[in-house]
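Undergrad: sequence first, then the predicted structure, then my questions.
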Amino acid sequence: MSPERICVGAVAGAFGVRGEVRLKSFCVPPEAIAGYGPLWTEDGRSFTVALSRPAAGGLAARLSGIATREAADALRGVRLHADRAALPALPEDEFYHADLIGLAVRDPGGAALGQVRAVLNHGAGDLLEVARPGGGEPVLVPFTRMIVPTVDLAAGCLVVDPPEGLFE
C-alpha cells in the first residue's frame with residue numbers, strides 16, 4: 001500500500017443478509033472511519049462507508065457496491081485504507097503505526113538493535129515488534145516514553161532504552 005494511505009480498519013465479515021459488513025475500526029473514535037472516505041483496499045478498490053449501528057466486535061456498515069451477504073462475506077479480512085490527507089493532524093509525540101513500521105531501532109549509544117516490523121496492541125498499550133539485525137526471535141518493546149524516549153521520523157529511526165535483558 002502507498003505511504004500516502006493509512007490502514008484505518010478491516011472488514012470482519014458479513015452482518016445480516018442484505019450486504020452489510022461488520023467493520024473493525026482502528027480509529028478513535030471508531031465512528032470516525034466513515035468520515036475519511038473513500039476507503040481503499042490493497043488491490044485498489046474503493047468504497048464509501050455508511051455506518052448503520054454498533055455491532056459485536058465493531059460497527060455494522062454498508063460499503064458502496066456491496067448488496068448481498070455473499071459479496072459482504074467475500075470481503076472478510078480485507079483491510080481498508082484512507083488517504084493520509086483526509087486524516088487529522090496528530091499532536092506532537094503521537095504517530096500513525098504506519099509511520100513507525102520500518103524505522104531503525106538504536107540504543108541510546110547509537111548501536112543498532114533492529115528494525116520495527118509491526119506495531120501491536122492487545123489492549124494494554126502499543127508494543128513494537130523489533131526484528132533483530134542477525135535474525136532470530138523478534139523482541140517486543142513497550143512503546144512508552146520511558147522505554148522509547150526518541151522517535152525521529154525524518155532520520156528514520158527511534159531510540160530504545162531497553163530494560164536489562166530485553167535484547168539478550
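TA: Done, it's in.
Undergrad: please count neighbours and contacts with C-alpha atoms only from this point.
TA: OK.
Undergrad: got the buried residues for the helix or strand of the chain with the lowest mean pLDDT?
TA: Of the helices and strands making up the chain, the lowest-confidence element is helix 97-100, at a mean of 90, by mean pLDDT, DSSP states H and E. Counting neighbours by 16 or more other Cα atoms under 10 Å, one finds that the buried residues in helix 97-100 are Leu100.
Undergrad: packing partners for the helix or strand just after it?
TA: As assigned by DSSP states H and E, the chain's next helix or strand after helix 97-100 is strand 104-106. Helices and strands touching strand 104-106, as assessed by 3 or more Cα pairs under 8 Å, 6 or more residues apart in numbering; DSSP states H and E, comprise strand 112-121, strand 157-159.
Undergrad: show me the contact partners of the least confident helix or strand of the chain.
TA: Contacts to helix 97-100, defined as Cα atoms under 8 Å, 6 or more residues apart in numbering, come from residues 3, 6-7, 116, 119, 153.
Undergrad: what segments of the protein are helices?
TA: Under the criterion DSSP state H, helices of the chain are mapped to 69-74, 97-100.
Undergrad: C-alpha coordinates for the first one, PDB please?
TA: So the one you mean is helix 69-74. Extracted as PDB, the C-alpha positions of helix 69-74 are listed here (Å, rounded to 0.1, in the frame of the first residue of the first chain):
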ATOM      1  CA  ARG A  69     -24.400 -11.300   2.000                       C
ATOM      2  CA  GLU A  70     -22.100 -13.300  -0.300                       C
ATOM      3  CA  ALA A  71     -20.400 -10.100  -1.500                       C
ATOM      4  CA  ALA A  72     -20.000  -8.800   2.000                       C
ATOM      5  CA  ASP A  73     -18.600 -12.100   3.300                       C
ATOM      6  CA  ALA A  74     -16.100 -12.200   0.400                       C
END
